[in-house]
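Asker: got a predicted structure here, sequence first:
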Protein chains: 2
Amino acid sequence: MFHAPSGRHGSHPCGRTVIELVKVPNAAPTELDLRALIETFFREEFTTDNPVITEAVRRMIAAGGKRLRPSLTLFAAETQGADPREHLALAAYMELIHVATLIHDDVVDRADKRRGVNTTAVDFGNRVSVLAGDYLLAWIFKNVTASYPAPIPYILSATLAEIIDGEVDQLRSVGDLTCTASVYTETVSKKTAALFAASAECGAIAGKGSAQNVRALRDFGRAYGIAFQMADDLLDLTSNETELGKPTGNDLREHKMTLPLILALQQADQKFREELARCYHGDDSAATAERIAFLIEGIARFGGITRTREAITKYIERAKAALLPLNGTPTQFRLINLANALLT
Amino acid sequence: MFHAPSGRHGSHPCGRTVIELVKVPNAAPTELDLRALIETFFREEFTTDNPVITEAVRRMIAAGGKRLRPSLTLFAAETQGADPREHLALAAYMELIHVATLIHDDVVDRADKRRGVNTTAVDFGNRVSVLAGDYLLAWIFKNVTASYPAPIPYILSATLAEIIDGEVDQLRSVGDLTCTASVYTETVSKKTAALFAASAECGAIAGKGSAQNVRALRDFGRAYGIAFQMADDLLDLTSNETELGKPTGNDLREHKMTLPLILALQQADQKFREELARCYHGDDSAATAERIAFLIEGIARFGGITRTREAITKYIERAKAALLPLNGTPTQFRLINLANALLT
């Protein structure tokens, strides 16, 4: 189990690091330091009562990830004048909620690979994967209810409900060629952005921010999360298998209604629509490499890529505008940098 | 969503019933009334934000169940002088934690039928089943953290972690003919009895019981839960398909290490061991009707049934002994009746 947050029990959650930090109490940790602290924290502090589950979760964590959610928590706490190193456990829970949903997603999506390595479902079987995800969620809530006052436990459980609600919506929209951009945005706001919003909000609360600042950071997280999912949709079309850890056009093979596709469909010709319908309403053999390549090219040709970039820009601007109440907070630039990075 | 518990927000969670109850404020509800109130509560108050999930959960609830966990919560509250009708929402959450684990179990066990009707996995598919279980758990924690003070949210999340830990242990013991009675008891204490213990404990806390009484009721629930699982193991061998809603000897087909089997193995002859090994270490075709019938007969012949009944009696006595601190509480007889009913 993680140690309890230092603010309540007097012991720093990351024993080895605290010695070093005590020597330089006024040193502001750089972004790199925070990311490294998160990794050290996972490596040295994460364990559960069940060795099979601990191993399954450790493999998922070791496979990588950008740790954007815990970064948001730490950056948000920092903007409120708190020492982010005191909130590593809370930040870690945000990543672990994400990990738990990924473990179940890989069962739901029957995925073989995640970040280029075997999924939990492949290494441990679907049975253990379902149970490992359940256990991890229960373990997170157990620790959060033990260590954090209201409203943090409520925010985390409400956020999980919102994520799953969005996943069910997404599952129902699979293959639905009538899915609109507004339905898409509502779904990703729940499925993806809710956890970014909660990560920033809880960081602000832990940092003892004012109600106005907590709200500003939550709104930043929500808009950032929507832009993040849109950028993720783009990557699936514009990146390569080495970078993605899965084949380009994977969302098309899974018949997902991504924003670039939805926007392209608004301007697409008959030929594109027919090929898409063959791919999305046929069996797996319909998703030939030629057809996927044709669809990717068509999405670009009919403005899906350009217009998705415009939508991402809009949500990034919205995220940055949400931070206005924080004006004068010296560390808000980290959040702004995080948002701007989605454009590149 | 359920209404908040009446004690905090002034509105009774079950509008229609409260009118009748207001007319006879001193009438002690009978056991039948409480069971009926639980059913009415589920039928009239249960809904979530996601219609697919609401429907999936409602079907599970409508399929039946003895509602033992919510009964324990209400009886425990009653022993502490509380009006059990004020704790229907809390009692319902206990049943819903059970329902959520069943929805996932049916994915894990690849079960087709539950209580004689299609499982969620059959009606909605594995994908929705995984998500429906997740959503239900998140929804429960969201409502519990919104409406109940510490330590109730902690107890529920710690209990869920314990249940899943026990399920992973059980999964690992499948087909393991060296499994001992003490390993069995430890597994069912987590997998099954933890939720009975939490149901009684939370009822006692909600009823404002003393620390001693809360502990007594938790201990009752734990011992009762272990006896309950042992009785459930027996039923799988001694009941019939109509009563069970699944074929007799189903645990044997699933290669489960139940207590009657473990105890029979202590005295079994070579022939029984060989047939068991063929069934448990062979493929599905090895579980012929003849072999299952032979194993059931053998379990009885080698004392598995008789000695399991003795173990049940021991845990029922332990459960009743746990209630000693409640002596003088007029309503503890309901808990004693519940425990005694396991013997018949």
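Answerer: Received it, and whenever you're ready, just let me know what you need. Numbers count the residues shown, from 1 in each chain, chains lettered A, B, ... in the order given.
Asker: now do the same end-to-end measure for stretch A:76-87.
Answerer: Length of stretch A:76-87, first residue to last, C-alpha to C-alpha, to the nearest Å: 10 Å.
Asker: so for that stretch, what gets flagged as buried?
Answerer: A:A76, A:A77, A:E78, A:T79, A:Q80, A:A82, A:D83, A:P84, A:R85, A:E86, A:H87 (16 or more other C-beta atoms under 10 Å in any protein chain shown). Where C-beta positions appear, they are placed from N, C-alpha and C, glycine not excepted.
Asker: student question: in chain A, what's the helix or strand with minimum average pLDDT?
Answerer: helix A:15-23 (a mean of 31; mean pLDDT, DSSP states H and E).
Asker: helices or strands next to the next helix or strand after that helix in the packing?
Answerer: For helix A:15-23, the following helix or strand on the C-terminal side (DSSP states H and E) is helix A:31-45. When contacts are defined as 3 or more C-beta pairs under 8 Å, 6 or more residues apart in numbering or on different chains; DSSP states H and E, helix A:31-45 packs onto helix A:15-23, helix A:68-79, helix A:88-108.
Asker: mean pLDDT for the ones you listed: which is lowest?
Answerer: When those are ranked by mean pLDDT, helix A:15-23 comes last with a mean of 31.
Asker: ok, back up a step: which of the buried residues of stretch A:76-87 lies closest to chain B?
Answerer: If you rank these by distance to chain B using C-beta to the nearest C-beta, A:H87 comes first, at 19.6 Å.
Asker: where do the helices sit along the stretch 151-300 of chain A?
Answerer: Remark: helices assigned in the stretch 151-300 of chain A by DSSP state H, counting those that start in this stretch are A:152-173, A:181-188, A:194-206, A:211-238, A:241-244, A:250-253, A:259-265, A:270-281, A:289-301.
Asker: nearest to chain B, out of those?
Answerer: Closest among the helices of the stretch 151-300 of chain A, using C-beta to the nearest C-beta: helix A:152-173, at 3.7 Å.
Asker: what's the angle between that closest one and helix A:88-108?
Answerer: Put simply, helix A:152-173 runs at 20 degrees to helix A:88-108, going by axes from the mean of the first three to the mean of the last three C-alpha atoms, to 10 degrees.
Asker: let me see the contact set for A:Y184.
Answerer: Going by C-beta atoms under 8 Å, 6 or more residues apart in numbering or on different chains, A:Y184 touches A:S173, A:M257, A:T258, A:L259, A:I262.
Asker: picking up where we left off before, deepest in the core, which of the helices of the stretch 151-300 of chain A is it.
Answerer: Mean neighbour counts were taken over the helices of the stretch 151-300 of chain A using mean count of other C-beta atoms under 10 Å in any protein chain shown, and the top value, a mean of 28, falls to helix A:194-206.
Asker: near chain B, anything from that helix?
Answerer: No: Helix A:194-206 lies apart from chain B when judged by C-beta under 8 Å from any C-beta of the partner chain; the minimum separation is 11.0 Å.
Asker: helices or strands next to that helix in the packing?
Answerer: By 3+ C-beta pairs under 8 Å, 6+ apart, helix A:194-206 packs against helix A:68-79, helix A:88-108, helix A:152-173, helix A:211-238.
Asker: out of the ones you listed, flag the one nearest A:N337.
Answerer: Evaluated with C-beta to C-beta, those place helix A:68-79 nearest to A:N337, the distance being 9.4 Å.
Asker: and the angle for the closest one with helix A:211-238?
Answerer: Using the same axes, to 10 degrees, helix A:68-79 lies at 150 degrees relative to helix A:211-238.
Asker: fine by me, thanks again.
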